[in-house]
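>>> from the sequence below, what's the structure:
(chains A, B, C and D)
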Protein chains: 2
Amino acid sequence: MLNKELLKGFSPIIILSVLSDEAKYGYQIVKDIKKKSDKSLNIAEGTLYPLLHKLEKEKMLYSFWQEAGGRKRKYYALSAKGKKALKTQKNDWQLFLKTMHQVID
Amino acid sequence: MLNKELLKGFSPIIILSVLSDEAKYGYQIVKDIKKKSDKSLNIAEGTLYPLLHKLEKEKMLYSFWQEAGGRKRKYYALSAKGKKALKTQKNDWQLFLKTMHQVID
DNA sequence: TAACATACCTATGTATTCTAGGTATTATCA
DNA sequence: TGATAATACCTAGAATACATAGGTATGTTA
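Have a look, this model is predicted:
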């Protein structure tokens, strides 16, 4: 596990990124991030759900309910605004990398 | 300026890094980080001073007062514990980079 | 002599994230 | 069959980090 404090502020770009290929539901996003990060990232459900609601409120995401095998799942997908925001955030991330390299290396 | 929210959690590694060559005083650290980052990072004094106090309390840093040109300056230097912590944090940083790459790229 | 730069500091507010719960359904296994 | 685990959603409150917005004091420069 990474130092949790290191992660503050990066949740939005992580979530928008994992949604960039296809719509996913909350529980799936948690597992997905865990898997993709080799278990280094473990975003708590208590962090994810409020954040999904916030991103939806900001029109970055939209949601729809879908049923599969008797289970109701709430899917989230990137809106046009969300796609744009993801691009911006990836640029910010690159600048951040460059800056950190300059300062700490 | 980088998105400020992106920076949360990285202040300690930044401060320990800029102190790794020589002891510096608070005001100098602010200017130093600003310069090294091409003005991308602008750590507020209201962020820096309490953080220096915290790092000193945790024995990562030690301080001493020195006078130059009639001005009193409080210098901070890395302790042995601080040097060790810096190494650990740089490893954490590398892991974080790798993880972010896996998740967002 | 006024304004700016240097140099230290703290109190309070805001934003983010975690902890620690809660509910309900389905799958597994003893 | 009954208990436990996994799936799937959620929220309230605490903890933490950082920025904002001040404050004080001295030295420098216009």
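
>>> dump the residue contacts of the residue of chain A found nearest chain B.
Nearest residue of chain A to chain B: residue A:8, at 3.5 Å (Cβ to the nearest Cβ). For glycine as for every other residue, the C-beta is placed from the backbone atoms N, C-alpha and C. Listed by Cβ atoms under 8 Å, 6 or more residues apart in numbering or on different chains, the contact set of residue A:8 reads B:8, B:9.

>>> residues of chain A that sit close to DNA strand D?
Contact residues, chain A versus DNA strand D (Cβ under 7 Å from any atom of the strand): A:5, A:8, A:25-28, A:31, A:45-46, A:49-50, A:52-53, A:68, A:71-75.

>>> mind running it again at 10 Å?
Within chain A, the positions near DNA strand D by Cβ under 10 Å from any atom of the strand are A:3-6, A:8-9, A:24-31, A:44-54, A:56, A:63, A:65-76.

>>> now, those residues that are in strands?
Those of these mapping onto strands are A:24-25, A:63, A:65-68, A:71-76, per DSSP state E.

>>> which of these sits closest to DNA strand C?
Ranked by distance to DNA strand C (Cβ to the nearest atom of the strand), these are led by residue A:71 at 5.3 Å.

>>> hey, what's the closest one bridged with?
Counting by DSSP bridges, residue A:71 forms beta bridges with residue A:68.

>>> how many neighbours does it have?
Residues lying near residue A:71 (other Cβ atoms under 10 Å in any protein chain shown) number 9.

>>> just say helix, strand or coil for the residue most central in space within chain A.
Central residue of chain A (Cα atoms, centre = their mean): residue A:15, 0.8 Å from the mean position. When classified by DSSP: H, G, I helix; E, B strand; the rest coil, residue A:15 comes out as helix.

>>> which helices and strands does the lengthiest helix in chain A pack with?
Counting residues, the longest helix in chain A under DSSP state H turns out to be helix A:80-104. Counting by 3 or more Cβ pairs under 8 Å, 6 or more residues apart in numbering or on different chains; DSSP states H and E, the packing neighbours recorded for helix A:80-104 are helix A:11-18, helix B:11-18, helix B:26-36, helix B:80-104.

>>> is there proximity between the last one and DNA strand C?
What that stands for is helix B:80-104. No: remark: helix B:80-104 sits outside contact range of DNA strand C, by Cβ under 10 Å from any atom of the strand, the gap being at least 12.6 Å.

>>> run through who's touching that helix.
A:2-3, A:6, A:10, A:13-14, A:17-18, A:33, A:36-38, A:40-41, A:90, A:93, A:97, A:100, A:104, B:12-13, B:16-17, B:19-20, B:55, B:58-61, B:78.

>>> for stretch A:14-34, buried residues please.
A:14-19, A:23-26, A:29-30, A:33 (16 or more other Cβ atoms under 10 Å in any protein chain shown).

>>> pLDDT averaged over it - what is it?
Average pLDDT, stretch A:14-34: 96.

>>> may I have it as CSV, with CA atoms only?
Extracted in CSV, the C-alpha atoms of stretch A:14-34 (Å, rounded to 0.1, in the frame of the first residue of the first chain):
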residue,chain,number,x,y,z
ILE,A,14,-8.0,8.3,-11.6
ILE,A,15,-11.8,7.9,-11.8
LEU,A,16,-12.1,9.7,-15.0
SER,A,17,-9.3,7.6,-16.5
VAL,A,18,-10.8,4.2,-15.6
LEU,A,19,-14.1,5.4,-17.1
SER,A,20,-12.5,6.5,-20.4
ASP,A,21,-13.0,3.2,-22.2
GLU,A,22,-16.4,2.2,-21.0
ALA,A,23,-19.1,2.9,-18.5
LYS,A,24,-18.6,1.2,-15.1
TYR,A,25,-20.5,0.9,-11.8
GLY,A,26,-19.1,1.9,-8.5
TYR,A,27,-18.2,-1.4,-7.0
GLN,A,28,-16.5,-2.4,-10.3
ILE,A,29,-14.5,0.8,-10.3
VAL,A,30,-13.1,0.0,-6.8
LYS,A,31,-12.0,-3.5,-7.9
ASP,A,32,-10.7,-2.2,-11.2
ILE,A,33,-8.4,0.4,-9.7
LYS,A,34,-7.2,-2.2,-7.2
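
>>> all good on my end, thank you.
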